[in-house]
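Asks: Got a sequence here, can you build the structure:
(one chain, ligands or ions: 2)
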Amino acid sequence: MSLSLGDDIQRATQTGGPRASTSDVHVRSISPLPSPREILEEMPLGDERASLVASSRDEVRAILDGTDDRLVVVTGPCSVHDTEAALDYAQRLAPIAHAHRDELRIVMRMYFEKPRTTVGWKGLINDPGMDESYDIPRGLRLARSVLLGVLDTGLPVGCEFLEPTSPQYIADTVTWGAIGARTTESQVHRQLASGVSMPIGFKNATDGTVQVAIDGCRAAGSAQVFFGSDVDGKAALVSTTGNPDTHVILRGGRGGPNYSEADIEAAAALLAKAGLPASVMVDASHANSGKSHIRQAEVAREIAAMVASGNRGISGVMLESFLVAGRQEPGPGTLVYGQSVTDACMDLATTESLLDELAAAVISRRKQ
Ligand SMILES: O=C[C@H](O)[C@H](O)COP(=O)(O)O
Ligand SMILES: C=C(OP(=O)(O)O)C(=O)O
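Replies: Ligands and ions are numbered 1, 2, ... in the order given. The predicted structure follows:
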């Protein structure tokens, strides 16, 4: 004889045991965060910085759609873990960026949220002490304050967006955004990208597939309706118009690099088929360099050579660069000042010479 659901419920009730908990079985605690409004009121963007963000977004858009023949260069540490060192880097980068302003639109990479392959430090917002104390309110305040500090040097900033609700705390300061290789196929991240106010790049997937990034651009370019929260942190229904300023970032994949002329042409053909502008940003790091900062410099040189020889399929370059070359393990103890705690970065002197080469490459491309 088969039991109906009603019989099951009756039997469970008759046993008289404690009522089973069906919620929060694996949750240790839930505590409130400050609302985006609170943080924005504590640290307002202000008119001067807002005008830098707005004008640099326009410049990046124009480069990505081909009406401006410069290159966007996103350069900075793999992750920000020490706000003083990040500001120090910004102060040194700002005059270099100014010197190259006619050829390069330099945006400082300011990544506060790290997507992990399995587990690991998830960035300054998640665990600012790098000691598993997870003081997210402090992380949000630190992130916003260093973003404002970098804008005060005259540099625009670029971030990866990972947590679906974190952009509300910082996105007003951001000129360019990225969706990473591990989330490029995620509907939640595509919805988020459809609503942010800045140009945004989708990385190819970690297995090297480029089509998922193009699909990401198409989804983010479309109107979307989804779950979110409002500026007071209250659950909200969000309805977007779609973000027209999306592009693909080639970062290599498990099969190896994907920044050759042939790879760029193949990506351009797929983009054209999807009705999108046929140009890409090339990430010189990650799987394009095998995460070696030494190889990264060679990759950046090869990209510069392609641009110099007239390649118009490249509109942007990403570099992972900090004050000191290499990487170290994250942690609360003594760290080397200005060195990455995630992927290995090039030092600033190497970066400066690569920026010179990229600027010279744009000048030669113009002549062709
Ligand atoms: O950019 C940083 C890393 O490549 C990315 O966060 C993945 O790191 P992991 O494989 O060490 O977790
Ligand atoms: C995590 C990053 O890259 P990817 O998503 O390409 O691995 C990054 O740029 O920090």
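
Asks: C-alpha only now, for contacts and for neighbours.
Replies: OK.

Asks: Could you find the closest non-adjacent residue to the residue of the stretch 1-150 of the chain found nearest ligand 1?
Replies: Among all residues of the stretch 1-150 of the chain, residue 116 sits closest to ligand 1, at 3.4 Å; criterion: CA to the nearest ligand atom. In space, and not counting its chain neighbours, residue 116 is closest to residue 122: 7.0 Å by CA to CA, 6 or more residues apart in numbering.

Asks: so the one you found makes contact with residue 129?
Replies: No: taking contacts as CA atoms under 8 Å, residue 122 lies outside contact range of residue 129: 11.4 Å.

Asks: What helix or strand is the closest residue to residue 348 other than its chain neighbours located in?
Replies: In this structure, residue 348 finds its nearest non-sequential neighbour in residue 323, 5.2 Å apart by CA to CA, 6+ apart. No secondary structure element spans residue 323, as it lies outside all helices and strands (assigned by DSSP states H and E).

Asks: who touches residue 323 in this structure?
Replies: With CA atoms under 8 Å, 6 or more residues apart in numbering as the criterion, the residues that contact residue 323 are 85, 89, 338-339, 346-348.

Asks: The residue nearest to residue 116 in helix, strand or coil?
Replies: coil (DSSP: H, G, I helix; E, B strand; the rest coil).

Asks: What about it, how many residues nearby?
Replies: 19 (other CA atoms under 10 Å).

Asks: Leaving out the residues flanking it, which one is nearest to residue 192?
Replies: In space, residue 192 comes closest to residue 164 once its chain neighbours are excluded; the distance is 6.5 Å by CA to CA, 6+ apart.

Asks: Phi, psi for the one you found please.
Replies: Backbone geometry at residue 164, expressed as degrees, to the nearest 10, gives phi -60, psi -20.

Asks: wait, it sits on residue 189?
Replies: Yes: between residue 164 and residue 189 a contact is recorded at 6.9 Å, counting by CA under 8 Å.

Asks: Report the rounded mean pLDDT for the helix or strand containing residue 143.
Replies: Residue 143 is part of helix 136-152 when elements are defined by DSSP H and E. Confidence over helix 136-152, taken as the mean pLDDT, stands at 98.

Asks: Ok, stretch 66-75 next?
Replies: When pLDDT is averaged along stretch 66-75, the result is 98.

Asks: quick revisit: please tell me how far the residue nearest to residue 348 sits from ligand 2.
Replies: The spacing between residue 323 and ligand 2, counted by CA to the nearest ligand atom, to the nearest Å, is 17 Å.

Asks: Tell me how many other residues crowd residue 39.
Replies: Residues lying near residue 39 (other CA under 10 Å) number 18.

Asks: what's the answer for residue 151, then?
Replies: 23.

Asks: Leaving out sequence neighbours, find the closest residue to it.
Replies: Closest to residue 151 by CA to CA, 6+ apart is residue 49, at 6.2 Å.
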